[in-house]
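> give me a 3D structure for the following:
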Amino acid sequence: MRTYRVAGMANERTAGLIRKKLQDHFGTLVTVETDLRSGEVRIDLSSDPQIVGFLIDSAGCSVTSVSD
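Numbers count the residues shown, from 1 in each chain. Presented below is the predicted three-dimensional model:
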């Protein structure tokens, strides 16, 4: 799993929007986890990091760091 630290993911509505955008793009077979407490989104390593960042940005949030 690749971990994205996300600024602006402040509530379940925003976290749900991020999950939906990622699963709509990559498909429901891709594992997407959101953690409001840590402000992190985790997604399968097979997902293109640039696309993930774009989709998170389009949900009104921003990626501050990425780690494998």
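
> where does the residue sitting furthest away from the middle of the chain land in three-state SS?
Seen from the C-alpha centroid of the chain, the residue lying at the greatest distance (C-alpha atoms, centre = their mean) is Leu29, 15.0 Å away. Reduced to three states with DSSP: H, G, I helix; E, B strand; the rest coil, the structure at Leu29 is coil.

> look up how far Ser46 lies from it.
As defined by C-beta to C-beta, to the nearest Å, Leu29 lies at a distance of 10 Å from Ser46. Quick note: C-beta positions are derived from backbone N, CA and C, even for glycine.

> if we can go back for a sec, got the contact list for the residue farthest from the centre of the chain?
Counting by C-beta atoms under 8 Å, 6 or more residues apart in numbering, Leu29 touches no other residue.

> can you check Ser67 too?
When contacts are taken as C-beta under 8 Å, 6+ apart, Ser67 is in contact with 2-3.

> one more time with 7 Å, if that's ok
When the contact criterion is C-beta atoms under 7 Å, 6 or more residues apart in numbering, the partners of Ser67 are Thr3.

> ok, now how distant is it from Leu55?
With the distance defined as C-beta to C-beta, Ser67 ends up 18 Å from Leu55.

> part of a helix, is Ala15?
Yes. Ala15 forms part of a helix when assessed by three-state DSSP.

> excluding its backbone neighbours, what's nearest the residue nearest the centre of the chain?
With distances taken as C-alpha atoms, centre = their mean, the residue of the chain nearest its centroid is Val41 (4.3 Å). In space, Val41 comes closest to Tyr4 once its chain neighbours are excluded; the distance is 4.6 Å by C-beta to C-beta, 6 or more residues apart in numbering.
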